[in-house]
Each structure stands twice: as structure tokens, then as C-alpha cells.
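*Asks:* Provided below are the primary sequence and the corresponding predicted coordinates.
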Amino acid sequence: MSPNIIGSTFILAETAIADGNNNKMAATPAASAAPPAVAPAQKVAKKAEAKTPENKPYQMEIVWRNVGLFVILHSMALYGLYLVFAESAYWELLPVYATMFIGGLGITAGVHRLWSHKAYKAKLPLRIFLMLCQSLAFQNSIWEWTRDHRVHHKFTDTHADPHNSRRGFFFAHMGWLMCKKHPDVTSKGKQISMADIEQDPVVMFQKKMYFVVMPICCFVLPMIFPYYVMGSSLRVCFFTCSMLRFCLSLHFTWLVNSAAHFYGMKPYDVNVSAMNNKVVSTLTIGEGWHNYHHVFPWDYKAAELGTYSFNWTTAFIDVMAKIGQAYDLKFVSQEMVYKRVLRTGDGSHIAALLDANNNSAIPTSELVAHLDHEKEEHAIWGWDDNDISEEDRKGANVVNKESECKLD
């Protein structure tokens, strides 16, 4: 229980010490300056204006119900971890890992690269599979996840960013789910078009039936399989295979919002908070190359790596492309990458190092594979964003073009 008490304490502390929750205070006039004369009618108008809700400074409001649910979840997960050792349930860790990986694909290959960023297209069987995988992960419906993520990319590190990293590591990690959203999240979110995914019947079916599909995928099936196939106790199956697995998968995903905005390198753009983080990429099967991803959110690889070592999601999408389920795979040309590296990178990219040594050689894929891996005028959320530059559209490479594939 102690981790949960500490977590709740962090929330209260962050609420108390946050700098007005990022509300900038207006500069006060000098003490010696005489106040300007104000007519009585103006005084009445200003007094009425000051009382309007719109002019009240934003104050963080904790949603204690969510705090309580997280306390319960983490308590169950810790008990599930205890059962692994208390009942020698080591073999049960295999289905835990398997379901985490499958659920992870629902987030990385599904709701992230496919639906949120339109980095590639998928045929009906693959979309259904990824929808079920995303339901297994239980991170809100595809529709809601996509909306929040597009807002995050469009308005990164502003009040409109649902998990604004400027409000601290804990807030970006999970605190944003424990308090009411900043009004800007809602108002700016209305500017994000969702028409494209609302035309997908798979997305809308899940949105309508979410609280039927999600519990079955997230809690029932991960528990039933080891119970009948492996002969595990129902207690171990529930607390370990369902609750512990669910809790771990949440934290791995949250690390992209937190750790990948605080620790790492910025080979592509020093002006954004997102960083490349190998540990995060390992835990999230490819989502830790975050500096690259925020610069080129429409690249289906979400990275510039030459191998699949830290990007199993790309390997999965490539396999799906080979069997005809994925098509229109968009990725950035090397020339476009190197131009951006030299213009806005932090100098850690191999292209920048070669250029610094007056070496005009083009970096090879082998060099890129061993990487640890002018501020944009308009941030974009993905390929269909109206603000995407013409240079990006023209410089994009496309694999398995739609015109070359046999559709549904």
C-alpha cells in the first residue's frame, strides 16, 4: 500500500507547489505608480467582469474517484506480484508477457500509428485484430485515445496538451488521469478533426460496445486461458495474469509521455521536449524514439533505425504489409532526415558528426542502426493534418501504395 500513499502524496504536493498550474501571472504595476482614474460605470463593468467564471484562474481539481481506482489497481497488482513468489507461479509470467505484447501492438501499431497518425492503412481483418488488441490494453476507446493523442501532438507542452510535461514528471506520467482536464484541452480538442476515423466502422463499433468488448478482452480472456490451459489457480490468474499485467502495461505506455520527455537525446530537433530514449523504446516495442516521432509523426516506423532490435512494432507492420494486410506505409526519406538533423538537431546524430568533421559522406544504414538515438511553424498530428508541409508530402516515401494493393 505504501507506493499508493506516496503516489497520492505526490499529487497533493504537485497541486500545492505548481506555479499556478502554469497560469502566468500578470505583471503588477510599480508601487509608486498612481492608479488610473476609473469612471463609476467602468468600475461596475469591471466588477461584473471579474466575477464571470471565464476570468477565474485555472485551479487543478483532483478527481478522487480516479485516485481511489488507481490505489485499488496498484494494490491488486502488488498482490499479484506477491503471488508469483508465494505460489511459485513463474510459468504464469509467460501469458503475462504474451498478453502485454499483444496489447502493446494494439496501442503502438493500432491506435497510435494507424488511427492517430494515419502513417499507414490497414484492411478490415487487421483493423479488427488491432481493435481487439487495443481493447485488451484498456486505455480508453480508439476514438478517445486518438483525439487526446492528436491534441498532444498539435499543442505539445501547452495547457491544451492532456499530459503537458511542463507540469512535472508525475503529471505527465499518470497525474493527468487523476484530475480534471484543463479547459484548453477541451476547447482546442474541438479543433482536431475526427472525421477520418469516424468513417471506420471498426472504430465506431468499439466506441459503442466498449464496455462489453473491453472487459472481455482485458480481464476475462487473460484470466481464463491460464486457468484452463495451465491449470493455475483462479486467484493467480486474476491478480497476476489480469491485474498485474494490466498495471505494468499502463506504466510502460505512460513512460512515453513522461520519461521520453525528460531523459534522452534530441538528434532531430532541440526545440521540442520529446527525446529519444532506448529504455522506453525497449519497454514499448518501438515507441521510445520520441524526438524523431514528434518531428515526423506520419512515419510508420516512428524511428530511423536500420534494424528491428528496438522497434518490434515496425517489424509487425512490415510482416502485415508482406501478407497484404497493411498498405500505404509512409516513411521519411534519408535526404529529408539529414536536412532536418543539420538544421535543428542537437549534434548527436551521425550525419551531424560527419558534417562537423567536414566529411561529405552520406551516413549508411549500418551507422544509423548503431545510433543511441529551425523550430516548426506548425506542429502536426499526422499525415492527414492540414498543416503538414508540402515539402514533407513530396519528400515522403510510400511502400505498398494503395493503387498497387487489392482492397477489401
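*Replies:* Done, it's in.

*Asks:* contacting residues for the nearest residue to F239 once chain neighbours are set aside?
*Replies:* Leaving aside its sequence neighbours, F239 sits nearest to G80 (Cβ to Cβ, 6 or more residues apart in numbering; 3.6 Å). Every residue, glycine included, has its C-beta placed from N, CA and C. With contact set as Cβ atoms under 8 Å, 6 or more residues apart in numbering, G80 has these partners: 236, 238-241, 243-244.

*Asks:* Find the helix or strand that G80 is a member of.
*Replies:* helix 64-86 (DSSP states H and E).

*Asks:* how about the helix or strand just after that helix: buried residues?
*Replies:* Sequence-wise, the next helix or strand downstream of helix 64-86 (DSSP H and E) is helix 93-105. Buried positions in helix 93-105, judged by neighbour count with 16 or more other Cβ atoms under 10 Å: 95-96, 99-100, 102-105.

*Asks:* which helices and strands does helix 93-105 pack with?
*Replies:* helix 124-137, helix 221-229, helix 245-257, helix 312-322 (3 or more Cβ pairs under 8 Å, 6 or more residues apart in numbering; DSSP states H and E).

*Asks:* Turn those helices into TSV, including mean neighbour count.
*Replies:* Formatted as TSV, the helices and strands packed on helix 93-105 follow (neighbours: other Cβ atoms under 10 Å):
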stretch	mean neighbour count
helix 124-137	22
helix 221-229	17
helix 245-257	21
helix 312-322	19
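
*Asks:* Format those helices as JSON lines; extra columns: mean pLDDT.
*Replies:* What follows is the helices and strands packed on helix 93-105, written out as JSON lines (pLDDT from 0 to 100):
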{"stretch": "helix 124-137", "mean pLDDT": "98"}
{"stretch": "helix 221-229", "mean pLDDT": "94"}
{"stretch": "helix 245-257", "mean pLDDT": "98"}
{"stretch": "helix 312-322", "mean pLDDT": "96"}
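
*Asks:* Show me the one of these that comes nearest K208.
*Replies:* helix 124-137 (12.1 Å; Cβ to Cβ).

*Asks:* Give me the mean pLDDT for the helix or strand just after the closest one.
*Replies:* With elements assigned by DSSP H and E, the helix or strand that comes after helix 124-137 is helix 142-154. The average pLDDT within helix 142-154 is 96.

*Asks:* where in the stretch 251-400 of the chain is pLDDT low?
*Replies:* For the stretch 251-400 of the chain, the stretches flagged by pLDDT under 70 are 354-400.

*Asks:* which residues in it form strands?
*Replies:* In the stretch 251-400 of the chain, strands defined by DSSP state E, counting those that start in this stretch lie at 326-327, 329-332, 396-399, listed in chain order.

*Asks:* List the strands paired with the first one, with their directions.
*Replies:* Partner strands for strand 326-327, per DSSP bridges, with pairing direction: strand 121-122 (antiparallel).

*Asks:* returning to what we had before: pLDDT value on the residue nearest to F239, please?
*Replies:* 98.

*Asks:* what about it, distance to G68?
*Replies:* 19 Å (Cβ to Cβ, to the nearest Å).

*Asks:* And for L81?
*Replies:* 21 Å.

*Asks:* between the two, which one's more packed in?
*Replies:* L81 (16 against 13; other Cβ atoms under 10 Å).

*Asks:* Of all the helices and strands packed on helix 93-105, which one comes closest to H182?
*Replies:* helix 245-257 (15.2 Å).

*Asks:* what separates the closest one from the chain centre, distance-wise?
*Replies:* Centroid displacement of helix 245-257 relative to its chain, using Cα atoms, centre = their mean, to the nearest Å, is 10 Å.

*Asks:* what's it in contact with?
*Replies:* 73-74, 76-77, 96, 99-100, 103-104, 107, 137-139, 152, 163, 165, 172-174, 176, 218-219, 222, 280, 283-284, 287-288, 290.

*Asks:* residue contacts, the closest residue to G104 other than its chain neighbours?
*Replies:* Once flanking residues are discounted, G104 sits nearest to I285: 5.2 Å by Cβ to Cβ, 6+ apart. With Cβ under 8 Å, 6+ apart as the criterion, the residues that contact I285 are 101, 104-105, 108, 311-313.

*Asks:* same deal with P226?
*Replies:* Counted by Cβ under 8 Å, 6+ apart, P226 has contacts 92, 95, 232, 236-237, 241.

*Asks:* ok, and the most crowded of these?
*Replies:* Neighbour max across the contacts of P226 (other Cβ under 10 Å) = C241, 29 neighbours.

*Asks:* Please report phi then psi for that one.
*Replies:* phi -70, psi -30 (degrees, to the nearest 10).

*Asks:* pretty sure it contacts T99?
*Replies:* Yes - between C241 and T99 there is a contact at 7.2 Å, judged by Cβ atoms under 8 Å.

*Asks:* what's the spacing between D184 and G175?
*Replies:* Distance from D184 to G175, by Cβ to Cβ: 17 Å.

*Asks:* Those two: which has the busier surroundings?
*Replies:* G175 (23 against 17).

*Asks:* For the more buried one, give me the pLDDT.
*Replies:* pLDDT at G175 comes out at 97.

*Asks:* That one against G168, yeah?
*Replies:* Yes - under the criterion of Cβ under 8 Å, G175 is in contact with G168, at a separation of 7.4 Å.

*Asks:* picking up where we left off before, would you list the contacts of G80 in TSV and tack on pLDDT?
*Replies:* Shown next, in TSV, are those (pLDDT from 0 to 100):
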residue	pLDDT
V236	97
F238	97
F239	98
T240	97
C241	97
M243	98
L244	98
